[in-house]
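Visitor: Okay, predicted coordinates and the sequence, questions at the end:
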Amino acid sequence: MTTTEVALKAGPSLDERARRIAGYHTEAESHRAAFEENAIRAGEELIEAQEQLDADPGSGLWGRWLDENFPGTRNQAYDYMRRAREFQDAEITVGVRKWCENAKRSHEAYRARNLEEHNRGILRESALNLRQGVGLTYEEIAEELGVSRGQAYRLVEGARRNEEEREARKRSAAAVRAAETRKVRKAVKKAGVATAELYAMAERMQDVLAQAHDETSDPEARRALDLAGQHYRKMRDEIVRALAVS
């Protein structure tokens, strides 16, 4: 297949590329001040043309197309392509560096926010302890913590609200767990005596293993007890799954 046939098959885009390449080459040769920019543009078009031809490197198709369409020498063409690739690599490197810098700044800002919130949390807990545990006035708390009276009041109230919210979440979670437990036990009881005994044994073993885990300080024994606990948790979960409790 001739390069003319390839060009016709590929459509006018290859011809247009050839015109662009010739234009950039002429500009690069005529205006030395703009040489680098035009050389890179010509190189980018040459790379695209080579990929568009999708020629086997050993077929000579790309070389023939280059001879027919590039007004300069092959060395110039490959120099343009090298410059374009180096420019693309540099752009990628700059892009990655910018992304890393932005990610670092975001992470630092995130850490700063977390640290600020952490410190505020410590202040709130300290203020609440000074108020409820020690019985200091807001003026005394303000002096102790180095804040204004208004800030001392807000810290104490904020700690109280946080504590109330935590307790409310605990109560809600406990209520959900209790409801699930009642549902499971009802399904287990309905399944029969043997299933009920097996489920009760799995629950008892978990409690006994947890107590034994707390009573020993030997690392190997604690690991073994953990594994045994996982086994009985899995047994309990499998029973629940088999009963299709939702």
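Guide: Cool, got the structure.

Visitor: use CA for all of it now, contacts and neighbours both
Guide: Will do.

Visitor: got a pLDDT number for residue 1?
Guide: The model reports residue 1 with a pLDDT of 40.

Visitor: Can you work out which other helices and strands pack against the helix of greatest length in the chain?
Guide: In the chain, with assignment by DSSP state H, the single longest helix is helix 74-128. Packing partners of helix 74-128 (3 or more CA pairs under 8 Å, 6 or more residues apart in numbering; DSSP states H and E): helix 35-53, helix 138-145, helix 149-191.

Visitor: can we see that at 6 Å?
Guide: With contacts taken as 3 or more CA pairs under 6 Å, 6 or more residues apart in numbering; DSSP states H and E, helix 74-128 sits against helix 35-53, helix 149-191.

Visitor: Among the ones you listed, which comes closest to residue 74?
Guide: Ranking the helices and strands packed on helix 74-128 by proximity to residue 74 (CA to CA) places helix 35-53 first, at 11.1 Å.

Visitor: what's the first-to-last distance across stretch 136-156?
Guide: Stretch 136-156 stretches 11 Å from its first residue to its last (CA to CA, to the nearest Å).

Visitor: That stretch - what's its average pLDDT?
Guide: On average, stretch 136-156 scores 84.

Visitor: again, but for stretch 40-48
Guide: Stretch 40-48 comes out at a mean pLDDT of 87.

Visitor: Distance from it to the middle of the chain?
Guide: 36 Å (CA atoms, centre = their mean, to the nearest Å).

Visitor: Give the buried residues for it.
Guide: Neighbour counts over stretch 40-48 (16 or more other CA atoms under 10 Å) mark 40-47 as buried.

Visitor: would JSON lines of these with distance to residue 17 be doable?
Guide: Converted to JSON lines, the buried residues of stretch 40-48 look like this (distance: CA to CA, whole Å):
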{"residue": "40", "distance to residue 17": "14"}
{"residue": "41", "distance to residue 17": "11"}
{"residue": "42", "distance to residue 17": "9"}
{"residue": "43", "distance to residue 17": "11"}
{"residue": "44", "distance to residue 17": "10"}
{"residue": "45", "distance to residue 17": "6"}
{"residue": "46", "distance to residue 17": "8"}
{"residue": "47", "distance to residue 17": "10"}
